[in-house]
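In: Give the three-dimensional model of this entry:
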Amino acid sequence: MMPTESPKTAATPKPCPECGKPANPATLPFCSPRCRDVDLNRWLSGSYVIPGKETDPEDAE
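Out: Predicted coordinates:
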């Protein structure tokens, strides 16, 4: 006997992280190529930073 599976429902798309509009499947998780490029530019320019452990200057040498 097979377990009863519930019908799958379509997941609601998350909003674009840049502007909040519904995400476009072609440019997930963004709504447009423009928002995707804005996000990439922020990463490349150093606006987004992943915090890390501070190093001791003596250890860096």
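In: Tell me where the protein has helices.
Out: Assigned by DSSP state H, the chain shows helices spanning 33-45, 57-60.
In: Just put these in TSV and tack on mean pLDDT, mean neighbour count and distance to residue 26.
Out: Using the backbone N, CA and C atoms, a C-beta is placed for each residue, glycine as well. Output for these, formatted as TSV (pLDDT from 0 to 100; neighbours: other Cβ atoms under 10 Å; distance: least, Cβ to Cβ, whole Å):
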stretch	mean pLDDT	mean neighbour count	distance to residue 26
helix 33-45	96	13	9
helix 57-60	69	6	44
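In: Next, format those as TSV and append distance to residue 21.
Out: TSV is the format used below for the helices of the chain (distance: least, Cβ to Cβ, whole Å):
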stretch	distance to residue 21
helix 33-45	8
helix 57-60	44
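In: Indicate which one of these is closest to residue 25.
Out: When the helices of the chain are compared by Cβ to Cβ, helix 33-45 sits nearest residue 25, at 12.8 Å.
In: Counting by contacts, list what that closest one packs against.
Out: Packing contacts for helix 33-45, counted by 3 or more Cβ pairs under 8 Å, 6 or more residues apart in numbering; DSSP states H and E, involve no helix or strand.
In: Lowest mean pLDDT among the helices and strands, pick that one out for this protein.
Out: Within the chain, confidence by mean pLDDT, DSSP states H and E is lowest for helix 57-60 among all helices and strands, at a mean of 69.
In: so how far is stretch 48-56 off the chain centroid?
Out: Relative to its chain's centre, stretch 48-56 lies at 20 Å (Cα atoms, centre = their mean, to the nearest Å).
In: what residues does that stretch touch?
Out: Contacts to stretch 48-56, defined as Cβ atoms under 8 Å, 6 or more residues apart in numbering, come from residues residue 42.
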